[in-house]
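> Okay, sequence plus prediction incoming.
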Amino acid sequence: MNFRTLSLAAVALAGLSLSGGAFAQVKTWNFGDTTNPGSCTGAYSTSTTNTNYGGVINCTQQPSGTVTDLWARAYSSDGTNGSLTNTYRTAGINQQGTGSGFGIYNQTETPASTGSPNHAMDNSTPGVDMLLLQFSAAEILKRVTIGWSGTDGDFQVLRWTGSATATITDVNNSIVGKQAGSLLGAGGWELVSTIDGAANINTPDVAYSVNSLNRSSSYWLVTAYNSAFGATTGFSAGIDAIKVLGVSTGISAPGTLALAGLGLLGMGVLRRRRA
C-alpha cells in the first residue's frame with residue numbers, strides 16, 4: 001500500500017469516525033425542568049427577599065445523565081444599552097417556570113420588581129442582563145431556546161477565547177467590575193452571533209441557531225442585545241427581553257452528513273483501487 005492509499009484510508013476512517021462522534025456529542029439542557037432527570041437546582045433569586053446575586057445554578061444534561069455538567073451564573077451592567085463604560089456586577093437567576101426558563105434580576109431592579117421586563121433577561125435601563133454558561137468541557141454551543149420574549153427579543157452570544165486553562169474564578173473576574181467595552185478581544189471574549197428575535201415575539205419555545213462556524217469553548221455568554229458588543233443596524237430600537245428555556249450543543253446535521261459522505265467517498269476510492 002503506497003502513501004496515497006494510506007492517505008485515502010485515513011480520510012475515510014476520519015470521516016466515518018468524526019460523523020459518528022458528532023452524533024454522540026449532541027446534548028441538550030432544559031432550564032425549565034425542575035424534576036429529575038435533568039433538573040436545574042441551586043440558589044435562585046425569588047420575588048421576595050432572596051436575592052442570591054452571584055448564585056450558581058447546576059443543570060444536568062438531558063434526556064438522561066447523572067453528572068452536573070453545566071453551571072449557570074448571571075451578571076448585569078449598571079447603565080444603559082450600548083454604553084462602553086457600563087460596569088458589570090453579579091445578578092441573580094430566577095426560575096420563570098417550565099415553559100419559560102431563566103430570567104435575571106439585577107442588583108438595581110431587586111427581586112421585588114416583578115413586572116415585565118424586570119424579571120426577564122433584558123436591556124431595559126438600568127442594566128443589560130447576561131447569562132454565563134460554564135460547561136465541564138469545551139462544547140460547540142449550537143442552539144439557544146427562548147421560552148418567552150417581550151416587545152422585542154434580540155440577543156447575542158459570546159464565547160471565552162482567553163486562556164485555555166482559565167478557571168471559573170478567572171472568567172468571573174473577567175466580567176465583574178469590568179466595563180462592557182473591555183470584554184471583547186484582550187478581555188477574553190469574542191462575539192459569536194447577534195440574533196434578531198423580533199419575528200418570533202409571542203411565539204414560545206423558539207430554538208435559534210447561534211454558531212454557524214461551530215466554534216467551541218467551555219464558557220459562553222448569552223446576553224440581551226448590547227450594542228457595546230457590536231452595533232448592528234435595526235437592533236437598537238425598543239427594549240429586548242427574553243427568558244432562556246434551554247441550550248443544545250454539538251455539530252449540526254449537515255456538517256455531520258458531510259463528514260460521513262467524506263468517509264464513504266474515501267472508502268469507495270479504496271475499493272476501486274483494489275479492483
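Nice, I can see it. Numbers count the residues shown, from 1 in each chain.
> CA atoms for contacts and neighbours, from now on please.
Fine.
> could you pull out the strands for the chain?
Assigned strands in the chain, in chain order: 27-30, 40-42, 57-60, 68-77, 88-95, 102-105, 121-122, 129-139, 141-149, 155-160, 189-195, 206-209, 217-224, 241-249 (criterion: DSSP state E).
> Which secondary structure elements does the fourth one sit against?
Spelled out, it's strand 68-77. Taking 3 or more CA pairs under 8 Å, 6 or more residues apart in numbering; DSSP states H and E as contact, the helices and strands that strand 68-77 lies on are strand 57-60, strand 88-95, strand 129-139.
> Could you save those as CSV and add columns showing mean neighbour count and distance to Gly82?
Formatted as CSV, the helices and strands packed on strand 68-77 follow (neighbours: other CA atoms under 10 Å; distance: least, CA to CA, whole Å):
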stretch, mean neighbour count, distance to Gly82
strand 57-60, 22, 28
strand 88-95, 26, 13
strand 129-139, 21, 12
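> closest to Gly103 out of these?
Of all the helices and strands packed on strand 68-77, strand 88-95 sits nearest to Gly103, with 5.2 Å by CA to CA.
> From the chain's centroid, how far away is the closest one?
Averaged C-alpha coordinates place strand 88-95 at 16 Å from its chain's average position (CA atoms, centre = their mean, to the nearest Å).
> Packing partners of it?
The elements that strand 88-95 packs onto, with contact taken as 3+ CA pairs under 8 Å, 6+ apart, are strand 68-77, strand 102-105.
> Please identify the most buried of the ones you listed.
Comparing those by mean neighbour count (mean count of other CA atoms under 10 Å), strand 102-105 comes out on top with a mean of 32.
> which stretch in the helices and strands packed on strand 68-77 has the least confidence?
Sorting the helices and strands packed on strand 68-77 by mean pLDDT places strand 57-60 lowest, at a mean of 87.
> For that strand, name the packing helices and strands.
On a contact count with 3+ CA pairs under 8 Å, 6+ apart, strand 57-60 meets strand 40-42, strand 68-77.
> Recalculate using a threshold of 10 Å.
Judged by 3 or more CA pairs under 10 Å, 6 or more residues apart in numbering; DSSP states H and E, strand 57-60 is in contact with strand 27-30, strand 40-42, strand 68-77, strand 88-95, strand 129-139.
> got a markdown table for those strands, with distance to Thr249 too?
Converted to a markdown table, the helices and strands packed on strand 57-60 look like this (distance: least, CA to CA, whole Å):
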| stretch | distance to Thr249 |
| --- | --- |
| strand 27-30 | 5 |
| strand 40-42 | 17 |
| strand 68-77 | 11 |
| strand 88-95 | 21 |
| strand 129-139 | 6 |
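> can you pull the contacts of Glu190?
With contacts defined as CA atoms under 10 Å, 6 or more residues apart in numbering, the neighbours of Glu190 are Val157, Leu158, Arg159, Trp160, Thr161, Gly162, Leu183, Leu184, Trp220, Leu221, Phe229.
> To Gly177, which of the strands of the chain lies closest?
Proximity to Gly177, assessed across the strands of the chain by CA to CA, is greatest for strand 88-95 (5.4 Å).
> Now the closest one - C-alpha only, CSV.
Only the C-alpha atoms of strand 88-95 are listed here, as CSV (Å, rounded to 0.1, in the frame of the first residue of the first chain):
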residue,chain,number,x,y,z
TYR,A,88,-20.8,44.6,35.3
ARG,A,89,-21.9,43.2,38.6
THR,A,90,-23.3,39.8,39.7
ALA,A,91,-27.0,39.3,39.3
GLY,A,92,-29.5,36.6,40.3
ILE,A,93,-31.1,33.9,38.2
ASN,A,94,-34.9,33.4,38.6
GLN,A,95,-36.9,30.5,37.5
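> Most neighbours among the contacts of Glu190, which one?
Neighbours here mean other CA atoms under 10 Å. Within the contacts of Glu190, the largest count is held by Trp220, at 26 neighbours.
> Now do it against Ala207, distance only.
Note on Trp220: its distance to Ala207, by CA to CA, to the nearest Å, is 17 Å.
> Ok, Ala91 next?
Taken as CA to CA, the span from Ala91 to Ala207 is 25 Å.
> What's opposite Ser76 in the beta bridge?
Per DSSP bridges, the residues bridged to Ser76 are Arg89, Asp129.
> which residues does it contact?
86-92, 104-108, 121-123, 126-131, 175-176, 223-224.
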